[in-house]
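J.: Turn this into a model:
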Amino acid sequence: MKANSNAAEIWPRPPGLPSPVFSDQRWLDAIFLHWRIQESVAAGFMPAGVRPDVFDGSSWVGLIGFRMEQAGLGHGPGIPYLGSFNEVNVRLYSRGPDGTRGVVFLSLDANRLPVVLATRAAGIPYVWSRIRHWPPFPGGDGDLQQSDSSGLTLARSLGDFPLGYSVRRFGRTAASSTFAVVPRLDTAAADPLSVFLTARFGMHGHFFGRTAYIPNTHNPWPLFAADVHQFSDGLVGAAGISVSGPPESVLYSPGVRTRFGRPRLVNTAG
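T.: From the prediction side, this is the model:
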């Protein structure tokens, strides 16, 4: 079963990655939850020169959880301990002055303090948190197989087994989040909205007082529709975005391998 067989038909071609490659990573067990928000709300969080990206007349805010695995420098091996951790982020969708699509992160929770400190020094809004991943497979990672064509494929069905993430930031009144989904592995997500939300090949952000874009590249996500199993979130609200009701888009992916290239400054003149 390949969830991205139809998605590949409408998936935009990843742009060429400028050298040098400075990181090679694997993003596994990804859950994507999304809500519509007004474009004017998203605009207030955009870096200088960047505007919100819009689908179906709306901007979108996402709550995304995944497992970072074997993140390394350049083409080298994954860094022991520091290269593997859980992450949950809140993000918006952006377009640069040249039309380049990306994401803008409002927060990124991770459970590796050195990673948080290093990325915050560069202007990326990481937060140190306790994050628990609910294992999707009774047998663990052995149920995932490498695939040269699509990065990662499922070796067997998840059935009705839920998977999810729970986050608690440090501090007595700090924000927390718990969410879990049950993937529908017989329902590939190849619709235009799913592609819009996941075919993102870089991030816009403030870095050392300037607007910059960090590009990445990866194959199409193998995407599946999913049903919400459990949900209680304070991270989106803590980021300054108000949403209500269940997410309009709920997706699951076993994961992709991605590579990051050289950042570039965004021309904000005019």
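
J.: quick one, strands of the stretch 151-270 of the chain?
T.: Assigned by DSSP state E, counting those that start in this stretch, the strands in the stretch 151-270 of the chain fall at 151-154, 163-169, 176-188, 202-207, 210-218, 224-233, 249-260, 264-265.

J.: Of those, give the one that comes closest to A42.
T.: Closest of these to A42 is strand 202-207, at 12.0 Å (criterion: Cβ to Cβ). In short, each C-beta sits where N, CA and C put it, glycine included.

J.: pretty sure W27 is in contact with M68, am I right?
T.: Yes - look at W27 against M68 with Cβ atoms under 8 Å: they come within range, at 6.5 Å.

J.: Compare these two (neighbour count), which wins?
T.: Neighbour tally, W27 and M68, criterion other Cβ atoms under 10 Å: the higher count belongs to W27, 22 against 19.

J.: secondary structure class for the most centrally placed residue in the chain?
T.: Geometric centre of the chain, nearest residue: I64, 5.3 Å, by Cα atoms, centre = their mean. Here I64 is strand, with the state taken from DSSP: H, G, I helix; E, B strand; the rest coil.

J.: tell me the pLDDT at it?
T.: Listed pLDDT for I64 reads 98.

J.: Could you check stretch 179-186 and say which residues are buried?
T.: Of all the residues in stretch 179-186, those buried under the rule 16 or more other Cβ atoms under 10 Å are F179, A180, V181, V182, P183, R184, L185.

J.: Where does pLDDT dip in the chain?
T.: Applying pLDDT under 70 to the chain flags residues 1-9, 136-159, 270.

J.: from the chain's centre, how far out does the longest helix seen in it sit?
T.: The helix spanning the most residues in the chain, taking DSSP state H as the definition, is helix 113-121. Distance, stretch centre to chain centre, for helix 113-121: 18 Å (Cα atoms, centre = their mean, to the nearest Å).

J.: could you point out which element follows that helix?
T.: As assigned by DSSP states H and E, the chain's next helix or strand after helix 113-121 is strand 126-134.

J.: what inclination does that next one have with respect to strand 163-169?
T.: For strand 126-134 against strand 163-169, the angle by axes from the mean of the first three to the mean of the last three Cα atoms, to 10 degrees is 140 degrees.

J.: I'd like the distance from strand 126-134 to the chain centre, please.
T.: The chain centre lies 14 Å from the centre of strand 126-134; the measure is Cα atoms, centre = their mean.

J.: So for I79, which of the strands of the stretch 151-270 of the chain sits nearest?
T.: Taking the strands of the stretch 151-270 of the chain one by one with Cβ to Cβ, strand 249-260 is closest: 14.0 Å.

J.: Partner strands of the closest one, with direction?
T.: strand 23-37 (antiparallel), strand 210-218 (antiparallel), strand 224-233 (antiparallel) (DSSP bridges).

J.: what's the closest of these to L197?
T.: Per Cβ to Cβ, nearest to L197 of those: strand 23-37, 5.7 Å.

J.: How far off centre is the next helix or strand after that closest one?
T.: Counting by DSSP H and E, the next helix or strand C-terminal to strand 23-37 is helix 39-43. Helix 39-43 has its C-alpha centroid displaced from the chain centroid by 20 Å (Cα atoms, centre = their mean).

J.: Show the secondary-structure elements that the helix or strand just after helix 39-43 is packed against.
T.: Remark: after helix 39-43, the chain's next helix or strand is strand 51-52, criterion DSSP H and E. Packing partners of strand 51-52 (3 or more Cβ pairs under 8 Å, 6 or more residues apart in numbering; DSSP states H and E): helix 39-43, strand 85-95.

J.: ok, back up a step: which positions in the longest helix of the chain come out as buried?
T.: In terms of neighbour count (16+ other Cβ under 10 Å), helix 113-121 has its buried residues at V115, V116.

J.: Which neighbouring elements make contact with that helix?
T.: Partner elements for helix 113-121 (3+ Cβ pairs under 8 Å, 6+ apart): strand 126-134.

J.: Let me know the closest of the buried residues of stretch 179-186 to F22.
T.: Within the buried residues of stretch 179-186, the smallest distance to F22 is 30.9 Å, found for F179 (Cβ to Cβ).
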